[in-house]
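S.K.: got a predicted structure plus its sequence, pasted below:
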Amino acid sequence: MQARIRVVVAKPGLDGHDRGAKVVARALRDAGMEVVYTGLHQTPEQIVGTAIQEDADAIGLSVLSGAHMTLFRRVIELLAERDASDIVVFGGGIIPADDIAELETAGVAKIFTPGATTASIIEWVRANVTTPVA
């Protein structure tokens, strides 16, 4: 039997708008995934620490502050430093198309832009995040 996908949903940085992150966290949970929502104002170090502690399969980041290049990259760097690059990083926010390509090159698996449906996010996670067989 395959274990349930475990996702850490996080709001890095100083952005105080978390409605979208909460909607995604609930949708993933309602789709049968285990979800840990870290809350507002998390540092990349806190997010990666939580993901490792919770044995997460993926990290979903929500960034609306414009600091996406710095925050996403730092999470990727920290995962590599902690030998946890197998944790899939995806996210969303108001991110320009040129930045999306650069983030994907840096190791972010997927960026969802405004208007993405929760169904499309769930479908993508199921198709692209693997979890060890129990």
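M.R.: Sure, I can see it.
S.K.: bridge partners for the most centrally placed residue in the chain, pull those for me.
M.R.: For the chain, residue 60 is the residue whose C-alpha lies nearest the centre (Cα atoms, centre = their mean; 1.3 Å). As for beta bridges, residue 60 partners with residue 9, residue 90 under DSSP bridges.
S.K.: ok, and what's touching the longest helix along the chain?
M.R.: Assignment by DSSP state H gives helix 68-81 as the longest helix of the chain. If you take Cβ atoms under 8 Å, 6 or more residues apart in numbering as the criterion, helix 68-81 is touched by 12-13, 44-45, 47-48, 51, 59, 61, 63, 85, 87, 89, 91, 93, 95, 99, 102-103, 106-108. The C-beta positions use only the backbone N, C-alpha and C, and glycine is treated the same way.
S.K.: show the buried residues in these.
M.R.: Among the contacts of helix 68-81, those buried by neighbour count (16 or more other Cβ atoms under 10 Å) are 12-13, 44, 47-48, 51, 59, 61, 63, 87, 89, 91, 93, 95, 102-103, 107-108.
S.K.: among the residues you listed, name the ones in helices.
M.R.: Reading helices off the buried ones among the contacts of helix 68-81 with DSSP H, I get 44, 47-48, 51, 102-103.
S.K.: using JSON lines, lay out those together with distance to residue 19.
M.R.: As requested, these are exported to JSON lines (distance: Cβ to Cβ, whole Å):
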{"residue": "44", "distance to residue 19": "22"}
{"residue": "47", "distance to residue 19": "19"}
{"residue": "48", "distance to residue 19": "24"}
{"residue": "51", "distance to residue 19": "22"}
{"residue": "102", "distance to residue 19": "27"}
{"residue": "103", "distance to residue 19": "22"}
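S.K.: from those, pick the one nearest residue 122.
M.R.: residue 51 (19.2 Å; Cβ to Cβ).
S.K.: and that closest one, how far is that from residue 38?
M.R.: Distance of residue 51 to residue 38, given as Cβ to Cβ, to the nearest Å: 9 Å.
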